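[1] Sequence first, predicted coordinates after that:
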Amino acid sequence: MIKRDDPLDSRPVDFLRGRIRSFELAFSGLWHVFRTQPNIWIHLGTSIIVVAMGLWLGLEQYEWLAMILVIGLVWTVEILNTALEVIVNIASPERHPLAKLAKDVAAAAVLIAALISVVVGAIVLGPPLLKALGF
């Protein structure tokens with residue numbers, strides 16, 4: 001049994017503070033992405049348009065699931081790409097062909113995620129959009 005004056009008694013409070021600090025750091029990282037990465041604004045605009053279209057078209061639950069997953073995929077890969085760029089810049093402040101290659105491969109991952117999201121978006125949004133437009 002833990003006594004009130006036992007230093008272990010503060011563990012739940014320390015745990016909570018640690019979780020709050022984790023969220024603060026995560027939002028700080030997200031804020032960095034918004035301040036430094038122009039493509040994140042393209043992802044934000046596209047995400048807003050896709051969600052608005054989904055609401056307008058009355059997507060089914062499983063269709064929302066697909067759309068949310070691919071939106072999340074693109075955002076996650078873009079943020080990881082930014083993290084990798086920062087790490088490469090630290091490891092190789094001068095231009096180096098392997099540093100460029102690492103950045104190019106990470107950018108390719110974003111491209112693949114974006115292309116997958118376009119395909120899923122076309123499959124999910126295409127038929128109800130064509131129907132709503134009278135085709």
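    Received the coordinates, thanks.
[2] gap between Thr36 and Gly29?
    Distance from Thr36 to Gly29, counting by C-beta to C-beta, to the nearest Å: 11 Å. C-beta coordinates here come from the backbone N, C-alpha and C atoms, glycine included.
[3] Oh, that last question was meant for Trp41, not what I typed.
    For Trp41, the distance to Gly29 - C-beta to C-beta - is 16 Å.
[4] Quick check on these two: which one has the bigger neighbour count.
    Between Trp41 and Gly29, Gly29 has the larger neighbour count (other C-beta atoms under 10 Å), namely 13 against 10.
[5] packing partners for the longest helix along the chain?
    The helix that spans the most residues within the chain, counting by DSSP state H, is helix 97-132. Contacts defined by 3 or more C-beta pairs under 8 Å, 6 or more residues apart in numbering; DSSP states H and E place helix 97-132 against helix 38-57, helix 61-91.
[6] Let me know the angle separating the longest one from helix 38-57.
    Between the axis of helix 61-91 and that of helix 38-57 there is an angle of 180 degrees, by axes from the mean of the first three to the mean of the last three C-alpha atoms, to 10 degrees.
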